[in-house]
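# following is a predicted model, sequence given first.
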Amino acid sequence: MNVQDILQNPDEHVRFAAYLDKLEHVADPDEVDLVSSVLTDPDQTMAQSAVLRHLDRRAAGLYPGPAYEEWAQTMTQATIDHPFPAQRLREWSLFRAITLKLPWHPDDLLASSNWLQLKTADGTNTEAMEILAEAGHTKRIRNTARTGLTHRSKG
């Protein structure tokens, strides 16, 4: 089943599941075309949600290694007209920088989404955890960061 066949199905739940399946099995050279095609679906909320799940799955596996940067640039081009997936890619890049102790700016972390703040608060970068323990967006983020810092100081 190709993307055009998927688009013919009127049920967005069926299309969503089909997109997820296609995205999970796409070969690297075909990934950007598939992501771009999924984003042509008239139900943009559903299409972006499917792409977002794909980006999260791929980024989680790629961010620690050198292949991440080229992949992220390619995916940024594919999602450039779609603010939510594009933002998620930027946040994965910030998460990567924080986790791998590459250069990053505290203001970027403080301006980031709750998703990234919570993911970072539960991470390993002491500086980022201290920032979030003090100024994270939500009580959950601040508590997660404080708990992580307490466990690190006891370990």
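On my side now, so go ahead.
# residues touching residue 62, list them.
Taking C-beta atoms under 8 Å, 6 or more residues apart in numbering, we find residue 62 in contact with 68, 71. Every residue, glycine included, has its C-beta placed from N, CA and C.
# what distance do you get for it to residue 20?
Taking C-beta to C-beta, to the nearest Å as the criterion, residue 62 is separated from residue 20 by 18 Å.
# same deal with residue 104?
31 Å.
# again, but for residue 10
As defined by C-beta to C-beta, residue 10 lies at a distance of 18 Å from residue 20.
# higher neighbour count, those two?
Summary of the neighbour comparison: residue 10 and residue 20, criterion other C-beta atoms under 10 Å, with residue 20 having more neighbours (17 against 7).
# quick check: that one touching residue 56?
No: no contact is recorded between residue 20 and residue 56 when judged using C-beta atoms under 8 Å, the distance being 11.7 Å.
# by mean pLDDT, flag the weakest helix or strand of the chain.
Among the secondary structure pieces of the chain, namely its helices and strands, helix 3-7 has the lowest mean (mean pLDDT, DSSP states H and E), a mean of 69.
# ok, then the element right after that helix?
With elements assigned by DSSP states H and E, the helix or strand that comes after helix 3-7 is helix 12-25.
# can you show me the CA trace of the helix or strand following that next one as CSV?
Tracing the chain C-terminally past helix 12-25 and defining elements by DSSP H and E, one meets helix 31-38 next. Coordinates of each C-alpha in helix 31-38 appear next as CSV, following Å, rounded to 0.1, in the frame of the first residue of the first chain:
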residue,chain,number,x,y,z
GLU,A,31,12.4,8.5,4.7
VAL,A,32,12.3,12.2,3.8
ASP,A,33,9.9,11.5,0.9
LEU,A,34,7.6,9.5,3.1
VAL,A,35,7.5,12.1,5.8
SER,A,36,6.8,14.8,3.3
SER,A,37,4.0,12.6,1.8
VAL,A,38,2.4,11.9,5.1
